[in-house]
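Colleague: structure for the following, please:
(chains A and B)
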Amino acid sequence: MTTTQTADAPLARLVDAVRAAAADHERLELRGGGTKAFYGETPRGRPLDTGPLAGIVSHEPSELVVTVRAGTPLAELEAALAERGQYLPFEPPRFAPGGTVGGMVASGLSGPARAASGSVRDHLLGATILDGRAGIQRFGGRVIKNVAGFDVARLFAGSWGTLGVLLEVSLKVLGSPVASETCLLDVDEERARALLAGWRARPWPLTASAWHADRLSLRFAGARAAVDAAVAAVAACGGRRLEPDAALRWWTSLRDQTLPFFRLDAAALAAGEALWRLSVPPTAALAEQGGVRLFEWGGALLWRRGPAEAATIRAAAAAAGGHATLVRAADKRCGAQAPLLPAIAAIHRRLKQAFDPHGIFDPGRLHPGG
Amino acid sequence: MRPPADRARSERQRRLADLEAALAGVLPAGALLLADEALVPYECDGLTAYRQRPLAVAIPEDEAQVGELLRICHRLGVPIVPRGAGTGLSGGALPHPQGLSLSLAKLDRILSIDAAAGTATVEAGVRNLAVSEAAAAHGFFYAPDPSSQIACTLGGNVAENSGGVHCLKYGLTLHNVLRVRGFTASGEPVEFGGLGLDAAGLDLLALVVGSEGMLAVITEVTVKLVPLPPLARCVIASFTDVATAGGAVAAIVAAGLVPAGLELMDRRMTAAAEAFVHAGYDLQAAAILLCECDGLPPEVDEQIERVRAVLAARGATRIEVSRDEAERLRFWSGRKNAFPAAGGISPDYLCMDSTIPRRCLAEMLVLIEAMERKFALECVNVFHAGDGNLHPLILFDAADPEQLRRAEAFGAEILETSVRLGGTISGEHGIGVEKLNSMCVQFSAAERAQFALVKEAFDPQQRLNPGKVIPTLARCAEYGRLHVHRGQLPHADLPRF
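Modeller: Residues are numbered from 1 along each chain as shown, chains lettered A, B, ... in the order given. Got it, this is the predicted structure:
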């Protein structure tokens, strides 16, 4: 076995580990902070710790771009950005402390601001990756507009470590908004959906919306004048302002899913309760699917808690043009992610083969048997 | 024994006869063009320097015909080159000599505007501007606005990941497309993305957007609509040197402002645009900046004041703010007509399209001036300054082959310089055939091989738009003999294969 000669010890370690795994056809579980292990299919394979390859490579505030090594703790990146008055506009969830930037990108998950500000994939400008042949490649770049070649970097967002190791990523960031206000309205789900649909064409700086337990919350952020105008309009419909500290706690509890709604304890799981995530058009209420409900993203992301028949819930989501993911359950044998149509599954298999010909990067993490 | 030219001709006749017979029951009368004179308009796209006669052109009228046609061509082994309005600027729709150019122009129906969801679903041949026009009645518009928006189609926009003046604030095509429907090369129906904000599995939509017709044929697109801002106002600022203007751009962005557009033109571009449309530009300025703010009226006023303050602090010698919609449109008229205006001052021009980090704008302009002397050609500059996307227009006369050669070398040097400064060889026009050589500069052999494998994952038989975007190893080797390869590889000490 050759050993990679480089002064960059953490990088050399990853390259050597992948080369060895490829030679032995050994399955690897790429692991940053391990904070998302509960999500999707159960990770399998020998854990490869991606944490040591860490550090912020460059941050030019006037470029609105930051380049980071993938093992960098997400908290460290967010703190560095905050110091310069900037933030990650897609509000990545931090289910627990210790998550890494690589895990954030690999999961492709975005928080409450997603409908307004875009996803982690939207803000990913480039990535350096280590493929299943232990080769290092760089796709995309550090500039906002870039159409040279296929957008392979963005394919890695949401790939859950099945294509290769993220080594370094460049992300678009934004300046923190000047003003932010949260309004609450006491309305049932149907009314909340109707209000949001009616407001869809309003040029308001609505950066997050959520409904749960007969309460609709709306967050407006941006220029002071725009925020004030929107808050006044919502107040006229019966909205009331939430204090800034309480507002921050509320949106953080949604973002990180610390709200009790998302946390199914052992007893609930044993009783057959499950947490489903339905990504659907905002007009698809799926009221007939019942359950204890919470929606975000203007209605485009529905969380449903309770016992459920996987086939029924998946069929309803698919009929609406969306898909359903089983996030928390005692039994995920139906598959965490919605199954793919044959033509799409065939493209997945060939892409997997293209990046990981020896099948070492936990092939079943996205779909069982993947 | 017949001479080779004769054999080639009869081979072509045989392929044409096979194709015509197979497609006879699929396409309506007049939807398959075979005669030489009918094929002429399809010989090129917006990059007219490259021309190729296709084997035939098909103009199907609906999704079912597209699918059937693709399945037949797959069986016959005929390459397919998808085509929208033919406005692309990198030769992405350049025909294949043995291939069928597949025009999607007649798939031009707006299928639905869902005001409650804020989305529109349209066929691939619908024009970009037509989407905004249809959405306006519901209080929305479609944000990506490439300068060809009167003519270019949504299918073409998806293939190229088109940008435009508004993408600084509202994103590129990628950020505004939810779902794409179409067919694989073998004619299997597929959907990428979904009507929600994400889809199950790998993000194939991210690959398909910007794939220049090489991964799938697009027949239908669902896009996100954006609320129409009630007010937009434009600021024009003059600067006595280009570097100061570049600095002002960085300062606006650093101040946390996200204008709806932020454009820069140098003196010669400004003069050409002024002569073309009489927008009232300051002809004394070395560079002018156009900065647009949109939103609710009090929000726009607040932003305009902040922009004005930054511009004044950054050395603007004259600042004008549009007072009404007519004036705003007049301010933009010169910028929107920059390309035709360049056509008015030179027989031909090469439009470059690279992106660099914003902070390098001033440095780049100085380097381009040096290149003008080196290649003895003039270059006028118009930039999407807010996102660092440059459109230097190299002026030349194509009647003189020597000038064309120098113009191409000039262009290649701009692209290589952009890569060296940390940027990219294409911001929004795509690679097509025009920038195949420059792909060798930006990507390593292993990266280009990975692109080829991605292509194969979607199109194992290499039938869709073959020969575009990904240069062959031999081509890069040839180019590499003449040009220095990417100066600094990341992790140059590691083995690359």
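Colleague: and the most centrally placed residue in chain B, helix, strand or coil?
Modeller: For chain B, the residue nearest the mean C-alpha position is residue B:429 (2.7 Å; Cα atoms, centre = their mean). Put simply, residue B:429 is coil when judged by DSSP: H, G, I helix; E, B strand; the rest coil.
Colleague: same deal with residue B:381?
Modeller: Assigned state for residue B:381: strand (three-state reduction, three-state DSSP).
Colleague: please name the bridge partners of residue A:305.
Modeller: Residue A:305 has these beta-bridge partners by DSSP bridges: residue A:275, residue A:292.
Colleague: ok, it - contacts?
Modeller: Contact analysis of residue A:305 by Cβ atoms under 8 Å, 6 or more residues apart in numbering or on different chains lists A:261, A:264, A:273-276, A:291-294. Where C-beta positions appear, they are placed from N, C-alpha and C, glycine not excepted.
Colleague: equivalent analysis for residue A:205, please.
Modeller: With Cβ under 8 Å, 6+ apart, residue A:205 has these contacts: A:177, A:220-223, A:226-227, A:230, B:295, B:299.
Colleague: at 6 Å what do you get?
Modeller: Contacts for residue A:205 (Cβ atoms under 6 Å, 6 or more residues apart in numbering or on different chains) come out as A:220-222, A:226-227.
Colleague: now, which of these lie within helices?
Modeller: Members of those lying in helices (criterion: DSSP state H): A:226-227.
Colleague: closest one of the contacts of residue A:205 to chain B?
Modeller: Of all the contacts of residue A:205, residue A:226 has the smallest distance to chain B: 3.8 Å, by Cβ to the nearest Cβ.
Colleague: name the nearest residue to the residue of the stretch 251-370 of chain A found nearest chain B, ignoring sequence neighbours.
Modeller: Nearest residue of the stretch 251-370 of chain A to chain B (Cβ to the nearest Cβ) works out as residue A:321 at 3.1 Å. Distances taken as Cβ to Cβ, 6 or more residues apart in numbering or on different chains put residue B:195 closest to residue A:321, at 3.1 Å, once the chain neighbours are dropped.
Colleague: doesn't residue A:281 make contact with the one you found?
Modeller: Yes - using Cβ atoms under 6 Å, residue B:195 makes contact with residue A:281 at a distance of 4.2 Å.
Colleague: now do the shared contacts for the two.
Modeller: Common neighbours of residue B:195 and residue A:281 (Cβ under 6 Å, 6+ apart) are residue A:321.
Colleague: could you identify the most distant pair in the contacts of residue A:205?
Modeller: Using Cβ to Cβ, the pair of the contacts of residue A:205 lying farthest apart is A:221 and A:226, separated by 9.1 Å.
Colleague: which parts of the stretch 251-400 of chain B are strands?
Modeller: Shown for the stretch 251-400 of chain B, the strands assigned by DSSP state E, counting those that start in this stretch span residues B:261-266, B:287-295, B:318-321, B:348-351, B:354-355, B:379-384, B:389-396.
Colleague: deepest of those, which one?
Modeller: Most buried of the strands of the stretch 251-400 of chain B by mean neighbour count (mean count of other Cβ atoms under 10 Å in any protein chain shown) is strand B:354-355; its value is a mean of 30.
Colleague: which other residues reach that one?
Modeller: Applying Cβ under 6 Å, 6+ apart, the set of residues contacting strand B:354-355 is A:143, A:145-146, B:388-390, B:415, B:418, B:423-425, B:427.
Colleague: any chance of those in JSON lines, with distance to residue B:324 and pLDDT too?
Modeller: Formatted as JSON lines, the contacts of strand B:354-355 follow (distance: Cβ to Cβ, whole Å; pLDDT from 0 to 100):
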{"residue": "A:143", "distance to residue B:324": "35", "pLDDT": "92"}
{"residue": "A:145", "distance to residue B:324": "31", "pLDDT": "92"}
{"residue": "A:146", "distance to residue B:324": "37", "pLDDT": "94"}
{"residue": "B:388", "distance to residue B:324": "31", "pLDDT": "92"}
{"residue": "B:389", "distance to residue B:324": "29", "pLDDT": "94"}
{"residue": "B:390", "distance to residue B:324": "32", "pLDDT": "93"}
{"residue": "B:415", "distance to residue B:324": "41", "pLDDT": "96"}
{"residue": "B:418", "distance to residue B:324": "38", "pLDDT": "96"}
{"residue": "B:423", "distance to residue B:324": "38", "pLDDT": "96"}
{"residue": "B:424", "distance to residue B:324": "38", "pLDDT": "96"}
{"residue": "B:425", "distance to residue B:324": "40", "pLDDT": "96"}
{"residue": "B:427", "distance to residue B:324": "32", "pLDDT": "95"}
